[in-house]
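Trainee: coords please:
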Amino acid sequence: MKTKAYTCAILSAGLILSFVLAPCLFAQEEQEKKQSEAVYIPKEVNEVFQAGMDNREARLDIPFTVFKHFYLPARENMHVVFFFKVKNSDLGFAPLMPVGGTPEKTEGETAETAQETAAPQLQSKAHCFLQFNQLDGDFKKEIYIPVQLQADGSSYNPEEEGIYTTGYPLPSGKYLLSMAITSFELEKIGTQYFEFTIPDPATFTDTLETTPIFFAKQLNRMSSAEMKAEIHKDYFTYAVLQITPNLNSVFHQGDNLDIFFFIFGAQPNEANQFDIEASYSVMQEDEAIIKFSGTKYDAPIISQPLPLKKTVVIQTQEGDQVSEKKEQKDLEPGAYTLNIELKCNISGKTITKSIDFTIETE
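Mentor: Model prediction:
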């Protein structure tokens, strides 16, 4: 399926930034400060954490893998998003029964007939526990997240591995995340350990830097920000945004590159306005296939669609006359690199970033 054009242009950068920095949207941070010593992890789970922590030895009652993290600025901390994979069969999906305990049925149908003719909705009920230990400081935190997931019985594949996310605001530093997914009655306890680092924005005084740059499949505005940690399938939330990332950076002809990132180290003027300039180019090996016109931004959060169309020159000849015309064509399948050159026009600081992507045939 083709990515809808300009999905990341739903909100202007300035409007996104106002949501990110609005105090009311990060009331969770204030609440967490007041509850910094609260304990949310049961004894039996904490014992498993401690037993495997020194050697980072996972327990695989429920196998899963934490494989990536993103971070984006929050009002005082960094909003850190964790990506993990777990197989459907290990989440214990079971038919979701309606109120009354039997599937709905039409007139003249028995409950058994209704069950045979319609695939039931499936539900997984489990627990997720997060324990953060700062390796270069004394910050510690425990988080409990109830897990309630649903799946369509008609397309359910027990062997399919789903991608899930959860996020939490944390101060800068080096961390060990101990994560557990357990069955509802705690008979099964699966654990993983994940080390990660959150940079301190105050250290970027001589250069620009960015958060991890990623491509977005879809970006939507929610009615309000989440005030507590949740588990989501395929997408994550940030302030009032619901973002579905393109984690494998694979596209099809006709798609756009919708990039999303934040720039650290940019300097505002006396009126607290930014003047950031970006140049984008699509490279294949050492050749620039597409060069986009320079783009200016008045905020350091970037949400930018880039159409994957190149300009080609078509020559036609009639007798001795040769004429040329330019046409826009979709980029051919292959491996490419997006180069990003950033400059803060107020401070003169610059940085160059790149991210690889692939265009596949349909």
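Trainee: contacts, neighbours, all on C-alpha from now
Mentor: OK.
Trainee: low-confidence regions, the stretch 201-350 of the chain specifically.
Mentor: Under the criterion pLDDT under 70, the flagged ranges of the stretch 201-350 of the chain are 315, 317, 322.
Trainee: let's see 90
Mentor: 224-225, 227, 254, 271-272, 286, 293, 310-328 (pLDDT under 90).
Trainee: got it, and the stretch 1-150 of the chain?
Mentor: Using pLDDT under 90, the stretch 1-150 of the chain drops low at 1-40, 74-76, 96-120.
Trainee: those strands in it, which residues are they?
Mentor: 64-73, 78-87, 94-95, 121-134, 140-152 (DSSP state E, counting those that start in this stretch).
Trainee: let me have those strands in CSV, adding mean neighbour count as columns.
Mentor: Below are the strands of the stretch 1-150 of the chain laid out as CSV (neighbours: other C-alpha atoms under 10 Å):
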stretch, mean neighbour count
strand 64-73, 19
strand 78-87, 19
strand 94-95, 16
strand 121-134, 19
strand 140-152, 16
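Trainee: how about TSV for the ones you listed, with distance to Gly162 added?
Mentor: Shown next, in TSV, are the strands of the stretch 1-150 of the chain (distance: least, C-alpha to C-alpha, whole Å):
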stretch	distance to Gly162
strand 64-73	10
strand 78-87	6
strand 94-95	16
strand 121-134	13
strand 140-152	11
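Trainee: which one of those lies nearest to Asp298?
Mentor: strand 64-73 (16.8 Å; C-alpha to C-alpha).
Trainee: nearest to Val312, of the strands of the stretch 1-150 of the chain?
Mentor: For Val312, the closest of those is strand 64-73, at 37.0 Å, according to C-alpha to C-alpha.
Trainee: that closest one vs strand 78-87, what angle?
Mentor: For strand 64-73 against strand 78-87, the angle by axes from the mean of the first three to the mean of the last three C-alpha atoms, to 10 degrees is 160 degrees.
Trainee: pairing partners for strand 64-73, with directions?
Mentor: Strand 64-73 sits in its sheet next to strand 78-87 (antiparallel), going by DSSP bridges.
Trainee: which residues sit against the strand it pairs with?
Mentor: Contact with strand 78-87 is made by 63-73, 158-172, 198, 236, 238, as judged by C-alpha atoms under 8 Å, 6 or more residues apart in numbering.
Trainee: cool, and stretch 310-317?
Mentor: Contacts for stretch 310-317 (C-alpha under 8 Å, 6+ apart): Ile289, Ile290, Val322, Ser323, Glu324, Lys325, Lys326, Glu327, Gln328, Lys329, Asp330, Leu331.
Trainee: neighbours of the last one, how many?
Mentor: By other C-alpha atoms under 10 Å, the residues close to Leu331 number 20.
Trainee: isn't it right up against Pro307?
Mentor: No. In this structure, Leu331 is not within contact of Pro307 by C-alpha atoms under 8 Å, at 9.3 Å.
Trainee: give me the common contacts of these two.
Mentor: Gly254.
Trainee: quick one, longest helix in this structure?
Mentor: Of all segments of type helix in the chain, defined using DSSP state H, the longest is helix 43-53.
Trainee: need the CA coordinates for that one. PDB is fine.
Mentor: Output of helix 43-53 as PDB, limited to C-alpha atoms (Å, rounded to 0.1, in the frame of the first residue of the first chain):
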ATOM      1  CA  LYS A  43       8.200  -9.500  44.600                       C
ATOM      2  CA  GLU A  44       8.200 -12.500  42.300                       C
ATOM      3  CA  VAL A  45       9.000 -10.400  39.200                       C
ATOM      4  CA  ASN A  46      11.600  -8.300  41.000                       C
ATOM      5  CA  GLU A  47      13.400 -11.500  42.100                       C
ATOM      6  CA  VAL A  48      13.600 -12.600  38.500                       C
ATOM      7  CA  PHE A  49      15.000  -9.200  37.600                       C
ATOM      8  CA  GLN A  50      17.700  -9.400  40.200                       C
ATOM      9  CA  ALA A  51      18.700 -12.900  39.400                       C
ATOM     10  CA  GLY A  52      19.500 -12.100  35.700                       C
ATOM     11  CA  MET A  53      20.600  -8.400  36.000                       C
END
